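**Q** Sequence and computational prediction follow.
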Amino acid sequence: MAKTLTILWRTGSMMAMDANVAAKLARAALGKGYKVHMFGYGEGVTAVKKGQKPKRFPNIGEELEQIAKEGVTQAVCETCFAARGFERGEEISGAKIGSLTNDLFKFVSESDRLVTIAR
Amino acid sequence: MANSILVLVTRSPYGLEEAFAGLRLALAMGVNGMKTSVLMIEDGVFNAVGTQRSDAVKMPSNIEATKELYDFEVPVYVVKEDLDARGISESKLFEGLKVVPASYARDLLKEHDVVTTF
(Lines give C-alpha, C1' and ligand atoms only; values in the text may rest on other atoms or scores of the structure.)
Protein backbone atom coordinates (compact mmCIF):
# COMPACT_ATOMS: atom_id res chain seq x y z
CA MET A 1 0.00 0.00 0.00
CA ALA A 2 1.34 3.44 -0.94
CA LYS A 3 2.52 5.61 1.91
CA THR A 4 0.92 8.99 2.40
CA LEU A 5 2.65 12.31 3.01
CA THR A 6 1.04 15.55 4.11
CA ILE A 7 2.91 18.80 3.57
CA LEU A 8 1.73 21.69 5.73
CA TRP A 9 3.09 24.96 4.40
CA ARG A 10 2.64 28.33 6.00
CA THR A 11 4.74 30.76 3.99
CA GLY A 12 3.21 32.94 1.30
CA SER A 13 3.63 33.19 -2.43
CA MET A 14 6.17 36.02 -2.40
CA MET A 15 9.41 36.87 -0.55
CA ALA A 16 10.33 33.25 0.15
CA MET A 17 10.70 30.05 -1.81
CA ASP A 18 9.09 27.87 0.84
CA ALA A 19 5.93 27.16 -1.13
CA ASN A 20 8.05 26.31 -4.17
CA VAL A 21 10.09 23.91 -2.04
CA ALA A 22 6.84 22.37 -0.79
CA ALA A 23 5.70 21.88 -4.39
CA LYS A 24 9.04 20.33 -5.34
CA LEU A 25 8.89 18.00 -2.37
CA ALA A 26 5.35 17.01 -3.31
CA ARG A 27 6.40 16.16 -6.85
CA ALA A 28 9.42 14.19 -5.62
CA ALA A 29 7.23 12.23 -3.20
CA LEU A 30 4.76 11.50 -5.98
CA GLY A 31 7.66 10.19 -8.03
CA LYS A 32 8.56 7.84 -5.17
CA GLY A 33 5.03 6.46 -5.15
CA TYR A 34 3.64 8.43 -2.24
CA LYS A 35 0.11 9.71 -2.09
CA VAL A 36 0.55 13.41 -1.32
CA HIS A 37 -1.66 15.96 0.38
CA MET A 38 -0.80 19.64 0.78
CA PHE A 39 -2.44 22.08 3.15
CA GLY A 40 -1.85 25.84 3.11
CA TYR A 41 -2.28 27.58 6.44
CA GLY A 42 -1.79 31.17 7.55
CA GLU A 43 0.18 33.16 4.97
CA GLY A 44 0.55 29.95 2.95
CA VAL A 45 -2.94 30.40 1.50
CA THR A 46 -1.69 33.22 -0.73
CA ALA A 47 0.16 30.66 -2.85
CA VAL A 48 -3.12 29.34 -4.29
CA LYS A 49 -4.34 32.77 -5.40
CA LYS A 50 -5.31 32.63 -9.06
CA GLY A 51 -3.78 35.15 -11.46
CA GLN A 52 -0.34 35.65 -9.90
CA LYS A 53 2.09 37.38 -12.24
CA PRO A 54 5.58 37.38 -10.72
CA LYS A 55 8.04 39.06 -13.07
CA ARG A 56 11.27 37.35 -12.11
CA PHE A 57 10.39 34.39 -9.95
CA PRO A 58 8.69 31.06 -10.51
CA ASN A 59 4.91 31.26 -10.47
CA ILE A 60 3.88 29.21 -7.44
CA GLY A 61 0.21 29.32 -8.43
CA GLU A 62 1.02 27.63 -11.72
CA GLU A 63 3.33 25.13 -10.00
CA LEU A 64 0.64 24.12 -7.55
CA GLU A 65 -1.96 23.92 -10.31
CA GLN A 66 0.34 21.59 -12.25
CA ILE A 67 1.06 19.23 -9.35
CA ALA A 68 -2.66 19.12 -8.56
CA LYS A 69 -3.14 17.78 -12.09
CA GLU A 70 -0.45 15.21 -11.35
CA GLY A 71 -2.41 13.95 -8.35
CA VAL A 72 -1.49 16.05 -5.32
CA THR A 73 -4.54 16.86 -3.21
CA GLN A 74 -4.54 20.49 -2.08
CA ALA A 75 -6.59 22.45 0.40
CA VAL A 76 -6.11 25.73 2.23
CA CYS A 77 -7.61 27.26 5.34
CA GLU A 78 -10.78 29.17 4.45
CA THR A 79 -10.52 31.47 7.48
CA CYS A 80 -6.99 32.46 6.49
CA PHE A 81 -8.03 32.95 2.85
CA ALA A 82 -10.98 35.17 3.76
CA ALA A 83 -8.89 37.11 6.28
CA ARG A 84 -6.66 38.20 3.41
CA GLY A 85 -9.59 39.50 1.41
CA PHE A 86 -9.87 36.56 -0.97
CA GLU A 87 -13.12 34.88 -1.89
CA ARG A 88 -14.02 31.45 -3.18
CA GLY A 89 -13.38 31.39 -6.91
CA GLU A 90 -10.11 33.30 -6.55
CA GLU A 91 -8.17 30.08 -6.00
CA ILE A 92 -6.28 28.14 -8.65
CA SER A 93 -7.92 25.08 -10.09
CA GLY A 94 -7.14 21.98 -8.06
CA ALA A 95 -6.99 23.78 -4.72
CA LYS A 96 -9.89 23.46 -2.33
CA ILE A 97 -10.87 26.22 0.06
CA GLY A 98 -11.22 24.02 3.10
CA SER A 99 -10.65 23.86 6.82
CA LEU A 100 -8.36 22.55 9.53
CA THR A 101 -11.16 20.58 11.12
CA ASN A 102 -12.23 18.74 8.00
CA ASP A 103 -9.48 18.76 5.41
CA LEU A 104 -6.28 18.95 7.41
CA PHE A 105 -7.60 16.46 9.96
CA LYS A 106 -8.44 14.03 7.16
CA PHE A 107 -5.02 14.54 5.53
CA VAL A 108 -3.12 14.01 8.78
CA SER A 109 -5.22 10.98 9.73
CA GLU A 110 -4.34 9.31 6.45
CA SER A 111 -0.66 10.17 6.61
CA ASP A 112 2.45 8.25 7.53
CA ARG A 113 4.47 11.44 7.56
CA LEU A 114 3.75 15.12 8.16
CA VAL A 115 6.23 17.72 6.94
CA THR A 116 5.85 21.35 8.02
CA ILE A 117 7.42 24.06 5.87
CA ALA A 118 7.40 27.46 7.52
CA ARG A 119 9.58 30.25 8.87
CA MET B 1 -2.00 6.40 9.31
CA ALA B 2 -1.43 8.97 12.03
CA ASN B 3 -3.48 8.59 15.18
CA SER B 4 -1.75 11.25 17.22
CA ILE B 5 -0.10 14.62 16.76
CA LEU B 6 2.23 16.77 18.84
CA VAL B 7 2.06 20.51 18.21
CA LEU B 8 5.19 22.42 19.21
CA VAL B 9 4.59 26.09 19.95
CA THR B 10 7.95 27.83 19.75
CA ARG B 11 6.97 31.48 19.19
CA SER B 12 5.75 34.11 21.60
CA PRO B 13 2.18 35.43 21.37
CA TYR B 14 0.83 38.44 19.45
CA GLY B 15 3.82 39.72 17.47
CA LEU B 16 3.35 36.77 15.18
CA GLU B 17 0.32 34.69 14.30
CA GLU B 18 2.25 31.44 14.75
CA ALA B 19 1.37 30.47 18.32
CA PHE B 20 -2.34 31.17 17.86
CA ALA B 21 -2.33 29.23 14.59
CA GLY B 22 -0.71 26.26 16.31
CA LEU B 23 -3.30 26.29 19.08
CA ARG B 24 -6.13 26.39 16.53
CA LEU B 25 -4.61 23.50 14.60
CA ALA B 26 -4.41 21.50 17.85
CA LEU B 27 -8.06 22.29 18.51
CA ALA B 28 -9.06 21.10 15.05
CA MET B 29 -7.31 17.78 15.66
CA GLY B 30 -8.65 17.45 19.20
CA VAL B 31 -12.29 18.05 18.29
CA ASN B 32 -12.03 15.19 15.83
CA GLY B 33 -10.90 12.85 18.61
CA MET B 34 -7.27 12.56 17.54
CA LYS B 35 -4.82 12.21 20.42
CA THR B 36 -3.29 15.68 20.46
CA SER B 37 -0.75 17.34 22.73
CA VAL B 38 0.75 20.81 22.75
CA LEU B 39 4.24 21.60 23.98
CA MET B 40 5.15 25.24 24.63
CA ILE B 41 8.89 25.39 24.23
CA GLU B 42 11.58 28.05 23.74
CA ASP B 43 9.82 31.44 23.24
CA GLY B 44 6.53 29.52 23.11
CA VAL B 45 6.52 29.54 26.92
CA PHE B 46 5.53 33.22 26.83
CA ASN B 47 2.07 31.95 25.81
CA ALA B 48 1.74 30.43 29.29
CA VAL B 49 1.88 33.74 31.16
CA GLY B 50 -1.45 34.33 32.87
CA THR B 51 -1.31 38.13 32.83
CA GLN B 52 -1.32 38.46 29.04
CA ARG B 53 -3.43 41.38 27.81
CA SER B 54 -4.47 40.44 24.30
CA ASP B 55 -7.06 43.23 24.36
CA ALA B 56 -4.21 45.74 24.56
CA VAL B 57 -3.15 44.76 21.06
CA LYS B 58 -6.66 43.93 19.84
CA MET B 59 -5.74 40.32 19.17
CA PRO B 60 -7.56 37.11 20.05
CA SER B 61 -6.46 35.69 23.38
CA ASN B 62 -3.94 32.88 23.33
CA ILE B 63 -5.02 32.04 26.89
CA GLU B 64 -8.59 31.42 25.70
CA ALA B 65 -7.30 29.52 22.67
CA THR B 66 -5.30 27.30 25.05
CA LYS B 67 -8.13 26.76 27.52
CA GLU B 68 -10.45 25.68 24.70
CA LEU B 69 -8.12 22.71 24.27
CA TYR B 70 -8.86 21.51 27.78
CA ASP B 71 -12.49 20.83 26.76
CA PHE B 72 -11.19 18.19 24.37
CA GLU B 73 -8.64 16.73 26.79
CA VAL B 74 -5.68 18.11 24.87
CA PRO B 75 -2.85 18.45 27.40
CA VAL B 76 -0.67 21.54 27.16
CA TYR B 77 2.88 21.18 28.44
CA VAL B 78 5.35 23.97 29.20
CA VAL B 79 9.11 23.42 29.38
CA LYS B 80 10.45 24.41 32.79
CA GLU B 81 13.99 25.21 31.66
CA ASP B 82 12.63 27.63 29.06
CA LEU B 83 10.49 29.34 31.70
CA ASP B 84 13.50 29.62 34.00
CA ALA B 85 15.73 30.97 31.24
CA ARG B 86 13.22 33.76 30.63
CA GLY B 87 12.70 34.57 34.30
CA ILE B 88 9.08 33.39 34.34
CA SER B 89 8.06 31.81 37.62
CA GLU B 90 5.47 29.05 37.62
CA SER B 91 3.24 31.26 39.79
CA LYS B 92 2.78 33.53 36.74
CA LEU B 93 1.20 30.78 34.61
CA PHE B 94 -2.50 30.37 34.05
CA GLU B 95 -4.29 27.27 35.27
CA GLY B 96 -4.35 23.88 33.61
CA LEU B 97 -0.86 23.89 32.14
CA LYS B 98 1.58 21.08 32.91
CA VAL B 99 5.15 22.20 33.57
CA VAL B 100 7.63 19.53 32.50
CA PRO B 101 11.41 19.19 32.25
CA ALA B 102 12.95 19.59 28.80
CA SER B 103 13.81 15.90 28.79
CA TYR B 104 10.08 15.12 28.71
CA ALA B 105 9.95 16.50 25.17
CA ARG B 106 11.73 13.37 24.06
CA ASP B 107 8.99 11.21 25.56
CA LEU B 108 6.30 13.30 23.90
CA LEU B 109 8.01 12.99 20.52
CA LYS B 110 8.05 9.21 20.93
CA GLU B 111 4.41 9.08 22.00
CA HIS B 112 3.01 10.84 18.92
CA ASP B 113 2.86 9.66 15.32
CA VAL B 114 3.46 13.07 13.73
CA VAL B 115 4.77 16.44 14.86
CA THR B 116 4.29 19.97 13.59
CA THR B 117 6.01 23.17 14.69
CA PHE B 118 4.72 26.70 15.04
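**A** Looks like it arrived, so ask away.
**Q** Name the residues that touch the top helix by length along chain B?
**A** Looking across chain B with DSSP state H, the single longest helix is helix B:18-31. For helix B:18-31, the external contacting residues (CB atoms under 8 Å, 6 or more residues apart in numbering or on different chains) are A:10, A:41-42, A:99-101, A:104-105, A:108, A:118, B:5, B:7-13, B:36-38, B:44, B:47, B:59-60, B:62, B:65-66, B:68-69, B:72-74, B:116-118. Any C-beta I mention is one placed from the backbone N, CA and C, and that applies to glycine too.
**Q** Whichever of these end up buried, select them in ChimeraX.
**A** Of those, the buried ones go into a single ChimeraX selection, burial set by 16 or more other CB atoms under 10 Å in any protein chain shown:
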select /A:10,41,42,99,100,101,104,105,108,118 /B:5,7,8,9,10,11,12,13,36,37,38,44,47,62,65,66,68,69,72,74,116,117,118
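**Q** would you list every one of the strands in the chain?
**A** Looking at chain A here, since you left the chain open. Along chain A, the segments classed as strands by DSSP state E run A:4-9, A:35-40, A:73-77, A:95-98, A:113-117.
**Q** Can you look at chain B instead?
**A** B:4-9, B:35-40, B:76-79, B:98-100, B:114-117.
**Q** Reformat the ones you listed as a markdown table; add distance to residue A:89 and mean pLDDT.
**A** Output for these, formatted as a markdown table (distance: least, CB to CB, whole Å; pLDDT from 0 to 100):
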| stretch | distance to residue A:89 | mean pLDDT |
| --- | --- | --- |
| strand B:4-9 | 32 | 98 |
| strand B:35-40 | 33 | 98 |
| strand B:76-79 | 38 | 98 |
| strand B:98-100 | 45 | 98 |
| strand B:114-117 | 29 | 98 |
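**Q** can you redo the ones you listed as a markdown table with distance to residue B:108?
**A** What follows is the strands of chain B, written out as a markdown table (distance: least, CB to CB, whole Å):
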| stretch | distance to residue B:108 |
| --- | --- |
| strand B:4-9 | 5 |
| strand B:35-40 | 6 |
| strand B:76-79 | 7 |
| strand B:98-100 | 8 |
| strand B:114-117 | 9 |
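**Q** Keep only those of the contacts of helix B:18-31 that are in helices.
**A** Using DSSP H, the contacts of helix B:18-31 in helices are A:105, A:108, B:62, B:65-66, B:68-69.
**Q** Could I get the buried residue list for the lengthiest helix in chain A?
**A** When chain A is parsed with DSSP H, its longest helix is helix A:18-31. Using 16+ other CB under 10 Å as the burial criterion, the residues of helix A:18-31 that qualify are A:18-20, A:22-23, A:25-27, A:29-30.
**Q** List the contacts of residue B:46.
**A** Going by CB under 8 Å, 6+ apart, residue B:46 touches B:12-13, B:86, B:88.
**Q** If we use 6 Å, what do you get?
**A** With contacts defined as CB atoms under 6 Å, 6 or more residues apart in numbering or on different chains, the neighbours of residue B:46 are residue B:12.
**Q** any idea how far it is from chain A?
**A** 18 Å (CB to the nearest CB, to the nearest Å).
**Q** do residue B:75 as well
**A** From residue B:75 to chain A the distance is 18 Å (CB to the nearest CB).
**Q** my guess is that residue contacts residue B:38, does it?
**A** No: between residue B:75 and residue B:38 there is no contact under CB atoms under 6 Å: 7.3 Å.
**Q** who in chain A is up against chain B?
**A** Within chain A, the positions adjacent to chain B are A:8, A:42, A:100-101, A:105, A:108, A:111, A:114, A:116 by CB under 6 Å from any CB of the partner chain.
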